[in-house]
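Colleague: Return atomic coordinates for the entry below.
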Amino acid sequence: MKAPSLNVATVIAWQDGQARLALPRDACAGCGKRCGIGHLAASRAPAEMTLPVGEKLTIGQQIEVQFDDRDLLRAALLGYLLPATLLVLGAIAGHILLEAPLNDAGTALGALAGLTFGLRLARRLTPCLRQPRLIFPFRAGDMR
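Modeller: Below is the predicted model of the structure:
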């Protein structure tokens with residue numbers, strides 16, 4: 001079984017037990033960021049997320065956040081595969097239901113309806129995913 005992913009995040013805000021964190025966007029470590037994807041990932045602004053935290057954190061403090069790889073896969077499937085699948089199914093349904101002379105328009109309308117439904121469904125199902133877990137405050141030299 002693969003170990004969960006650990007990421008170092010920086011606290012950018014903390015209020016009422018909620019910490020807003022900035023996570024740097026990294027590419028895989030396979031090429032040491034020499035490939036195009038590595039340069040693209042390094043040039044993007046950090047991703048931000050909000051997590052409930054039991055202890056008071058200071059702005060600028062670095063902490064370690066644990067992501068379960070299964071939850072990352074579920075999130076990717078929910079965010080990408082579900083809307084794309086419903087887009088295709090909507091296009092097929094529009095093509096079948098709105099026959100000539102609206103065949104192409106029906107396909108386009110069905111695809112748009114399927115995509116819209118898929119995105120709304122994905123947004124509604126997102127809270128079902130588990131939150132990442134705060135492991136411990138990160139201290140320089142603790143990297144494993």
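Colleague: tell me, how many neighbours does the nearest residue to A22 once chain neighbours are set aside end up with?
Modeller: Leaving aside its chain neighbours, A22 sits nearest to P46 (4.0 Å; criterion: Cβ to Cβ, 6 or more residues apart in numbering). For the C-beta atoms, the positions are set from N, CA and C on the backbone; glycine is no exception. By other Cβ atoms under 10 Å, 13 other residues sit near P46.
Colleague: For P46, list the residues it contacts.
Modeller: T10, A22, L23, P24, R25 (Cβ atoms under 8 Å, 6 or more residues apart in numbering).
Colleague: Check A122 too.
Modeller: Neighbouring residues of A122 by Cβ under 8 Å, 6+ apart: L78, G79, L82, P83.
Colleague: Now render these as a markdown table, adding secondary structure.
Modeller: Below are these laid out as a markdown table (DSSP: H, G, I helix; E, B strand; the rest coil):
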| residue | secondary structure |
| --- | --- |
| L78 | helix |
| G79 | helix |
| L82 | helix |
| P83 | helix |
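Colleague: Quick check on the nearest residue to V88 once chain neighbours are set aside: phi, psi?
Modeller: Using Cβ to Cβ, 6+ apart and skipping residues adjacent in sequence, the residue nearest V88 is G114, 7.1 Å away. G114 has phi and psi values of phi -60, psi -40 when expressed as degrees, to the nearest 10.
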